[in-house]
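1. Pasting the sequence and the predicted coordinates here, then a few questions.
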Amino acid sequence: MVKALFYHLTRSPAEDLVPVLLTRALSAGWRVELRALSPDLLDRLDGHLWQGDGFLPHGRAGGPHDARQPVLLTAPDQPASNAPQALMTLE
């Protein structure tokens, strides 16, 4: 079954909501492609996922272990090779 969820961020920056959504997706057993439309946003998200109370397992596309990443951060021109069941796109 296909499911589409949309979030329009008006009160919080993406960096605050993404860990919450990723935690939910990982709890459901999903692999996630997190696609950012700018390299700067990719860098910020990558850094943000390493901070806080817990680490969210993830990797940047282009690494040797992409297929094993539960969350793979990609740019628009990078295909996700982690067989994602969920796609999150951020501008």
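-> Thanks, I have the structure now.

2. quick one: contacts for the residue positioned nearest the centre of the chain?
-> To find the centre residue of the chain, average its C-alpha atoms and take the closest one (Cα atoms, centre = their mean): that gives Leu34, at 2.9 Å. When contacts are counted by Cβ atoms under 8 Å, 6 or more residues apart in numbering, Leu34 touches Val18, Leu22, Leu45, His58, Val71, Leu72, Leu73, Thr74, Met88, Leu90. Every C-beta, even on glycine, is put in place using the N, C-alpha and C of the backbone.

3. Most neighbours among these, which one?
-> Among these, the one with the most neighbours (other Cβ atoms under 10 Å) is Leu72, at 27 neighbours.

4. and the longest helix for this protein?
-> Across the chain, the helix with the greatest residue count (assigned by DSSP state H) is helix 14-27.

5. sorry, back to before: among the contacts of Leu34, which one lies nearest to Ala4?
-> Closest to Ala4 out of the contacts of Leu34 is Met88 (11.8 Å), distances taken as Cβ to Cβ.

6. returning to what we had before: give the buried residues for the longest helix of the chain.
-> By neighbour count on 16 or more other Cβ atoms under 10 Å, the buried set for helix 14-27 is Ala14, Val18, Pro19, Leu21, Leu22, Ala25, Leu26.
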